[in-house]
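Engineer: With the input below, show me the fold.
(one chain, ligands or ions: 1)
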Amino acid sequence: MRDKTPKHHSPETPKGGETHQQASGKGSVLTTNQGLPISDNQNSLKGGGRGPTLLEDFILREKITHFDHERIPERIVHARGSAAHGYFQPYKSMAHVTSAAFLADPAVRTPVFARFSTVAGGAGSVDLPRDVRGFAVKFYTQQGNFDLVGNNIPVFFIQDAIKFPDLIHSVKMEADRGYPQAGSAHDTFWDFISLMPESLHMIMWAMSDRAIPRSLRMMEGFGVNTFRLVNAAGEFKFVKFHWRPILGTAAVMWDEAVKISGADPDFHRRDLYESIAKGNYPEWEFGFQLLDQKMADDFDFDILDATKLIPEEIVPIEMVGKMVLDRNPDNFFAETEQVAFCPSHVVPGIDFSEDPLLQGRLFSYLDTQLSRLGSPNFHELPINRPKCPFANLQRDGHMQMEVPKGRGNYEPNSIDLHGPRETSRGFHTAPIPVEGTKVRLRAESFADHYSQARMFFRSVTPQEQKHIVKALTFELSKVDIVEIRKRMLGHLDIIDTSLGSKVADELGMTGQAEKITAGLMPKDVALSPALRLYGKYAPTLKGRKIGVLLAAGFDDKLKDALVAAIAKEGAAAALISVKVGGAEDSAGLKHPADMALSGGPSVMFDAVAILAGPAGDKTLTSNPDAVSFLMDANRHLKAIALSGVPSLTAKAHVGGEVGVTEIGKSHDLGAFLEFARNGRVWERASD
Ligand code: HDE
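Structural biologist: Have a look, this model is predicted:
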């Protein structure tokens, strides 16, 4: 039989065949890891063209062995993440409160690497489950790396690190069945929560729209734990760290989250990557809530309790600088996956508090990197290396990248007088007096589990409250064990009777709440409007995406005017047509589309426009994707601009609602853009 296998490698360069050396700029020859040039990257070594593969093929074995080991253990939490490079620049010197050098000089930019993540799902899970988002920033300062490993929610589920494995076991996929992936709507999570009232404040946040953000670029970030800032004189203040997005905050609706998860599982990752690639760099202001011991003592909660927040109305946030993310990673694995954040990575001038959650975190992250990255030398990986000089006498270990010289690998030594030595400029732990009896107990000051949950629920807007009720209903409806639902209803009643009874009604369980006796009944503390997600930032279209659906016979001039107006707002227009090849305008000229309608449902956009002529209107009316495009945009309370689609609007039962604007002819685009800037047209919501 004829041997069909090519004997020599193809003369054509294989597609995507850029060599390792080209990619890293070192040359153009494909080699083994030992530098041996490779003559054939298409065929393994065989005994005859159709014969068995020979064990001798060291090139095949090296390539396959490396491939077999390409994956490392994913993070036990926060496995799914997206990241970017950028810089941080202070607005002013903060030397009066901290000796951290990166906060001292407004002329100095410090490189940063920020990673955003979901918590519960695996690395390949979708971007939009209901979940807390990680917000971790590595500052490569001249005094060493400072990692601020925060979340997009200012409080946490638990008060003591010893409960973290229990919390995570309960939320991750259930041990026997291996589902659900990336979701808290299941028995074990709600069982744990219903038995841990300290988690209830966080639950209010996790059930709010904060847990389904529109974009990673539109999230607030929080350090959560209380830290200390220490100045050169050794004086300290407590600090809570905050990030505020310049684009403002935005969230999707739950029905959108469900649909986006199918239409584009990488919705957030793509959004971050594309924005940066297009030069629309996301920015956040960095803020401090500073307080002294006296202020801390005056609160009726404990600042060491991570289930509590300090309302901004009581301690305002002082903005101290800005972070700009302006460069995508070159390689996802080498950077986003291998980056190792540790709350213990601090710089002089930043110190810890005694928050028992933070204290546990100081141990956990270093430990987890050892199993995840496999070596105590993980700090030598390019993404983790400090960008300032670093030297010590730690030696050897798996994958040692350094080649330390000489014999002086101990200290004191008189052999290498130029070797690394300690310095008075080094890190000093703030001399906080500590005394006490060794005990395992929860301080009395941690006992109030309901007041701030109530404060949060009552402080947010009616829309947010409604969404919390709906989220709780969705989640608890997925809980099979009725006793767990009843227990949760009991807790919700304590937070706010209207919340408890609404959820009970929605579940069809009116009057079935278990009577829970709170350790401490909640107090009616002052509300904090700053906790709202909506109406807090100035309306803007900046950084948003508007879907413009075009169908045959559309008015090209109107389309151009619309696209230009969208660009002027700092937003992006995505042109959609039934077929990706494009649609013909009223003059019969074909215009290419950015995406096909089947892959561009309206859930992917912040506002939509539909432009067609009579033929296009007919096509759209008979296309279920087009009908859902409009119906969904209406249901999701989006600003809608319409031109030439009377029959589509009739089919989709849309028209005359607030925020639905006819454009073209006598109408300008102003009204549409005005609605779009406001985010959602809440007036349209039906109860
Ligand atoms: Fe984490 N957390 N965590 N966490 N966490 C991890 O470290 C842990 C907590 C947060 O993008 C792990 O490198 C304990 C609070 C983020 O790489 C692990 C406790 C907050 C990330 C770990 C907490 C966070 C992590 C897993 C309770 C908000 C992702 C992989 C005491 C302030 C960082 C890793 C990234 C990751 C432990 C609670 C934020 C296992 C023990 C509170 C953003 O070490």
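Engineer: Quick one: name the residues of this protein near the ligand.
Structural biologist: Contact residues, the chain versus the ligand (Cβ under 6 Å from any ligand atom): 75-78, 81, 115, 117, 134, 136, 149-151, 156, 161, 164, 224-225, 306, 341, 357, 360-361, 364-365, 368. Every C-beta, even on glycine, is put in place using the N, C-alpha and C of the backbone.
Engineer: Which of those residues fall within helices?
Structural biologist: Among the residues of the chain next to the ligand, the members falling in helices (DSSP state H) are 164, 357, 360-361, 364-365, 368.
Engineer: Out of these, which two sit at the greatest distance?
Structural biologist: Spanning the widest gap among these are Leu357 and Thr368, at 15.5 Å by Cβ to Cβ.
Engineer: returning to what we had before: now the ones in helices among the residues of the chain next to the ligand in JSON lines, with neighbour count, distance to Ala250 and pLDDT?
Structural biologist: Formatted as JSON lines, these follow (neighbours: other Cβ atoms under 10 Å; distance: Cβ to Cβ, whole Å; pLDDT from 0 to 100):
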{"residue": "Phe164", "neighbour count": "18", "distance to Ala250": "30", "pLDDT": "98"}
{"residue": "Leu357", "neighbour count": "23", "distance to Ala250": "29", "pLDDT": "98"}
{"residue": "Gly360", "neighbour count": "17", "distance to Ala250": "33", "pLDDT": "98"}
{"residue": "Arg361", "neighbour count": "21", "distance to Ala250": "29", "pLDDT": "98"}
{"residue": "Ser364", "neighbour count": "17", "distance to Ala250": "32", "pLDDT": "97"}
{"residue": "Tyr365", "neighbour count": "19", "distance to Ala250": "30", "pLDDT": "97"}
{"residue": "Thr368", "neighbour count": "17", "distance to Ala250": "32", "pLDDT": "97"}
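Engineer: residues in contact with the residue nearest to Val563 when sequence neighbours are not counted?
Structural biologist: Closest residue to Val563 apart from its sequence neighbours, by Cβ to Cβ, 6 or more residues apart in numbering: Ala573 at 4.7 Å. Counting by Cβ atoms under 8 Å, 6 or more residues apart in numbering, Ala573 touches 545-548, 562-563, 566-567.
Engineer: Quickly list what Ala573 is bridged to.
Structural biologist: Residues in a beta bridge with Ala573, per DSSP bridges, are Ile546.
Engineer: Distance to Asp40 for the ones in helices among the residues of the chain next to the ligand - can I get that in CSV?
Structural biologist: Below are these laid out as CSV (distance: Cβ to Cβ, whole Å):
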residue, distance to Asp40
Phe164, 52
Leu357, 56
Gly360, 54
Arg361, 51
Ser364, 48
Tyr365, 45
Thr368, 42
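Engineer: any idea which of the contacts of Ala573 is the one closest to the ligand?
Structural biologist: The ligand lies nearest to Lys545 out of these, by Cβ to the nearest ligand atom, at 25.4 Å.
Engineer: Which stretches in the stretch 351-500 of the chain count as helices?
Structural biologist: When secondary structure is read from DSSP state H, counting those that start in this stretch, the stretch 351-500 of the chain shows helices at 356-373, 451-459, 462-477, 482-495, 497-507.
Engineer: Which secondary structure elements does the longest one sit against?
Structural biologist: With contacts defined as 3 or more Cβ pairs under 8 Å, 6 or more residues apart in numbering; DSSP states H and E, the secondary structure elements packing on helix 356-373 are helix 164-171, strand 350-352.
Engineer: and Lys590, which of those is closest to it?
Structural biologist: With Cβ to Cβ, the closest approach to Lys590 among the helices and strands packed on helix 356-373 belongs to helix 164-171: 50.3 Å.
Engineer: in the closest one, what counts as buried?
Structural biologist: 164, 167, 170-171 (16 or more other Cβ atoms under 10 Å).
Engineer: Show me the protein divided up by domain.
Structural biologist: Here the domain parsing of the chain from automatic domain parsing is 78-161+201-380, 448-531, 545-684.
Engineer: Could you check which residue of this protein lies nearest the ligand?
Structural biologist: Counting by Cβ to the nearest ligand atom, the chain gets nearest to the ligand through Gly134 (2.7 Å).
Engineer: need the contact list for the residue nearest to that residue when sequence neighbours are not counted.
Structural biologist: Among residues not flanking Gly134 along the chain, Ser117 sits closest, at 3.7 Å (Cβ to Cβ, 6+ apart). Going by Cβ under 8 Å, 6+ apart, Ser117 touches 75, 78-82, 133-134, 136.
Engineer: does Ser117 have beta-bridge partners, and which?
Structural biologist: Beta-bridge pairing for Ser117 (DSSP bridges): Gly81, Gly134.
Engineer: do you know how far it is from Leu309?
Structural biologist: Using Cβ to Cβ, to the nearest Å, Ser117 is found at 21 Å from Leu309.
Engineer: again with Asp271
Structural biologist: Counting by Cβ to Cβ, the gap from Asp271 to Leu309 is 28 Å.
Engineer: repeat for Asn41
Structural biologist: Noted for Asn41: a distance of 57 Å to Leu309, by Cβ to Cβ.
Engineer: Which residue of the two possesses the greater neighbour count?
Structural biologist: Leu309 (24 against 13; other Cβ atoms under 10 Å).
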